[in-house]
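Asks: Build the 3D model from these lines:
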Amino acid sequence: MLTLSRPLAATIIIAASLLPTVVAIAFFGGHAGLWYAPFSPRVLTIALTASLLVLWQRVRAARLEGEPKNIVEVVRDNPIALLVPAVLIVLITFASAGFSFIKANIADYVPYYLDPPFVDADRILFFGNDPWRVSHALLGTWGTIALDRLYVLWFLLFPFLAIFIGGSADRTFQFRAMIGVLVVLILLGNVMAVSMSSVGPIFYEYFYGNAYYAELMARLHAAHEVAPLTVLRLSDYLIEMHETDAFGTGISAMPSVHVGFAVLSWLIVRDRVKARWAHRVAGVYAFLIWIGSFHLAWHYAWDGIVSAVVVIAAWKLSAFIEVAPRRSESKRPRLFDFSAREPARPLAKQNTDFEIGSRV
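Replies: Numbers count the residues shown, from 1 in each chain. Have a look, this model is predicted:
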């Protein structure tokens with residue numbers, strides 16, 4: 001077990017969160033406006049909500065322990081702990097802004113080139129069939145419409161995931177969850193996306209001049225006639241904005257950030273929620289996001305598989321890291337310690353004066 005002091009854990013998260021913005025400005029022609037993205041009213045509202053959630057949790061905990069405190073007393077008792085959730089939300093937005101800018105400029109540095117091999121790899125995976133042919137045969141038009149709605153639902157759920165991470169009082173969990181978020185944004189969304197530059201089936205004809213996915217697009221348009229599909233409106237918007245670096249734009253297929261976040265959410269739910277039904281719901285949702293990724297032409301089937309493998313591996317590896325608890329902090333540990341954890345020992349009476357360490 002690798003034990004990190006809280007200052008070191010915080011330094012790692014802060015540095016990693018700022019990295020995409022620094023790289024975007026230094027190497028991808030990014031502008032100074034990227035530094036202001038996390039301070040939009042929407043982001044600050046989410047950050048405030050996370051901090052208020054922690055405040056409510058602490059007031060409630062004090063009452064359950066038989067030592068009720070008012071809000072002022074809770075804030076005075078540990079003000080820094082109430083800032084941590086808001087800071088984490090802002091850091092996630094910093095990473096997202098840099099990620100988005102780099103994604104929007106991938107083709108300027110690594111022209112799209114890997115789509116044809118992925119087309120062949122998908123057929124091998126589904127025993128000679130295109131994955132979308134299998135899913136469309138099984139799900140039909142209304143299945144397409146349902147997947148389209150579920151796929152977009154993620155954008156509404158992500159702020160709640162951020163609040164859930166920021167609002168936790170468990171610093172080890174927060175560290176693992178933040179590492180998971182940064183793995184999705186930086187490793188999957190930037191490093192691997194740049195190295196495996198690709199556009200996905202929905203943009204295949206536009207960028208390669210090959211109508212291989214014409215039948216798939218025809219099926220999506222047929223479903224669009226029954227009920228408007230977000231996938232078609234959004235893909236048109238991305239083509240229109242392709243030459244810009246606007247936030248939330250950019251075209252990239254391998255690997256799938258969407259699937260990566262869905263899988264990460266499932267792992268977090270399994271780790272933090274006791275109810276097994278919640279595990280199943282999160283797992284089914286992640287699976288449906290993967291199905292939707294190729295059913296709706298956004299991705300190749302392999303895009304989501306690669307993302308899932310990387311995220312699960314990162315989550316399992318991060319289980320070997322813990323953030324030092326308060327008592328360890330008061331003993332001023334080394335920045336990191338590879339030794340096995342020992343049972344906590346009662347502090348000697350003469351050492352109680354040193355219980356003034358960080359209470360975050």
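Asks: Please report the distance of residue 258 from residue 306.
Replies: Counting by Cβ to Cβ, to the nearest Å, the gap between residue 258 and residue 306 amounts to 13 Å. C-beta here means a position set from N, CA and C on the backbone, and glycine is covered the same way.
Asks: If you could redo that for residue 228, that was the one I meant.
Replies: Going from residue 228 to residue 306 by Cβ to Cβ gives 31 Å.
Asks: Those two: which is more packed in?
Replies: The neighbour comparison of residue 228 against residue 306 (other Cβ atoms under 10 Å) goes to residue 306, with 19 against 12.
Asks: Check the more buried one and give its pLDDT.
Replies: pLDDT recorded at residue 306 is 98.
Asks: before we move on, what SS does the residue lying closest to it once chain neighbours are set aside have?
Replies: Of all residues not flanking residue 306 in the chain, residue 255 sits nearest, at 4.4 Å (Cβ to Cβ, 6 or more residues apart in numbering). The three-state assignment at residue 255 reads coil, by DSSP: H, G, I helix; E, B strand; the rest coil.
Asks: all strands for the protein, in order.
Replies: All strands of the chain, identified by DSSP state E, fall at 2-4, 321-323, 336-337.
Asks: With distance to residue 240 as extra columns, can I get those in JSON lines?
Replies: Below are the strands of the chain laid out as JSON lines (distance: least, Cβ to Cβ, whole Å):
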{"stretch": "strand 2-4", "distance to residue 240": "45"}
{"stretch": "strand 321-323", "distance to residue 240": "43"}
{"stretch": "strand 336-337", "distance to residue 240": "48"}
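Asks: In CSV: those strands, plus mean neighbour count, distance to residue 33 and mean pLDDT.
Replies: Converted to CSV, the strands of the chain look like this (neighbours: other Cβ atoms under 10 Å; distance: least, Cβ to Cβ, whole Å; pLDDT from 0 to 100):
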stretch, mean neighbour count, distance to residue 33, mean pLDDT
strand 2-4, 18, 33, 94
strand 321-323, 19, 33, 95
strand 336-337, 14, 36, 38
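Asks: Compare these and give me the one nearest residue 103.
Replies: When those are compared by Cβ to Cβ, strand 321-323 sits nearest residue 103, at 28.0 Å.
Asks: Run through who's touching that closest one.
Replies: Applying Cβ atoms under 8 Å, 6 or more residues apart in numbering, the contact partners of strand 321-323 are 1-6, 9, 171-172, 174-176, 341.
Asks: ok, now stretch 157-170?
Replies: 46-47, 49-51, 53-54, 57-58, 81, 84-86, 88-89, 92, 173-174, 177-178, 181, 261, 265, 268, 272.
Asks: for it, which positions count as buried?
Replies: Going by neighbour count (16 or more other Cβ atoms under 10 Å), the buried part of stretch 157-170 is 158-159, 161-168.
Asks: repeat for stretch 105-114
Replies: Neighbour-count burial for stretch 105-114, with 16+ other Cβ under 10 Å as criterion, is recorded at 105-107, 112, 114.
Asks: now swap in stretch 5-12 and tell me
Replies: Across stretch 5-12, burial judged by 16+ other Cβ under 10 Å covers 5-6, 8-10, 12.
Asks: Can you tell me which of the contacts of stretch 157-170 are buried?
Replies: Among the contacts of stretch 157-170, those that count as buried by neighbour count (16+ other Cβ under 10 Å) are 46-47, 49-51, 53-54, 58, 81, 84-86, 88-89, 92, 173-174, 177-178, 181, 261, 265, 268.
Asks: Tell me which of those residues fall in helices.
Replies: Secondary structure assignment by DSSP state H places 46-47, 49-51, 53-54, 58, 81, 84-86, 88-89, 92, 173-174, 177-178, 181, 261, 265, 268 of these in helices.
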